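Student: Got a predicted structure here, sequence first:
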Amino acid sequence: MMIIVGLGNLGEKFKNTRHNAGFMAIDFFAKQNDFPEFKLQKKYTSLTSEKNIEKKYPNSDGRQNQSIKIILVKPQTFMNEAGKAVASILKNKKEAELVVIHDDIDMPLGKIKFSKDSGAGGHKGVNSIINSLGKQDFIRLKIGICPATKKPEAVEKFVIEKFTKEELLVLNKVIETSANALKLLINEDLKKTMNEFN
């Protein structure tokens, strides 16, 4: 089982804002792979969608035609409380592999990067998840949002501003790349995915 969490802020006013890159990426992945419509799970304070995906490549142990349950999650909390939602979902799913998709102000727009077992890097949503789980050894898919010019000084204001039309053109390509990377992660493993996409 794999649980993929996309981070973002709630509400129409935050649609297409930089901090919502995680929501945008998970929505695209869900649509591309014909997941059912997201439904609110009040006990998890999250929108979720789940589906079994057939693995297209053999595992290292030689077995083929396996399927894996994928649960997509969009926490319906404030960004700095996302960890509560994630912890509640993982409570009875200890064996699940956790993947968190989020924006990264320290990476340029147009880039993605996978990491595992690393600090929050100032991201309040990721920090909340680390604090709620009491560990940081989960996979992260970081989507760069930093402009080509320079990192903005007023970061908290910058991340809740909407992407420009030009930036959205770049982001849409990145989100498609992210979806392809997630498929490889599901079919293969983190090492191969990092080698190809980092």
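Tutor: Structure's in. What do you need?

Student: Distance check, M1 against E50.
Tutor: Distance of M1 to E50, given as Cβ to Cβ, to the nearest Å: 9 Å. (Glycine included, C-beta is placed from N, CA and C.)

Student: Common neighbours of these two, please.
Tutor: Taking Cβ atoms under 8 Å, 6 or more residues apart in numbering as the criterion, M1 and E50 both touch 69-71.

Student: show me where pLDDT drops low in the chain?
Tutor: Low-confidence segments of the chain (pLDDT under 70): 57-65.

Student: What segments of it are strands?
Tutor: Under the criterion DSSP state E, the chain contains strands at 2-6, 39-41, 46-54, 67-75, 97-108, 112-116, 139-146.

Student: looking at those, which is closest to G122?
Tutor: Closest approach to G122 among these is made by strand 97-108 (7.4 Å; Cβ to Cβ).

Student: Show me what that closest one is packed up against.
Tutor: The criterion is 3 or more Cβ pairs under 8 Å, 6 or more residues apart in numbering; DSSP states H and E, and the helices and strands that strand 97-108 contacts are strand 2-6, helix 21-32, helix 82-90, helix 124-133, strand 139-146, helix 165-187.

Student: what about the longest one, distance to the chain center?
Tutor: The chain centre lies 11 Å from the centre of helix 165-187; the measure is Cα atoms, centre = their mean, to the nearest Å.

Student: So what angle separates the directions of that helix and strand 112-116?
Tutor: 40 degrees (axes from the mean of the first three to the mean of the last three Cα atoms, to 10 degrees).

Student: List the buried residues in helix 165-187.
Tutor: Of all the residues in helix 165-187, those buried under the rule 16 or more other Cβ atoms under 10 Å are 167, 170-171, 174-175, 177-179, 181-187.

Student: Would you point out which residue is most central in this protein?
Tutor: Among the residues of the chain, the one closest to the centroid is I101, at 1.6 Å (Cα atoms, centre = their mean).

Student: what pairs with that residue across the strands?
Tutor: I101 has these beta-bridge partners by DSSP bridges: G6, L141.
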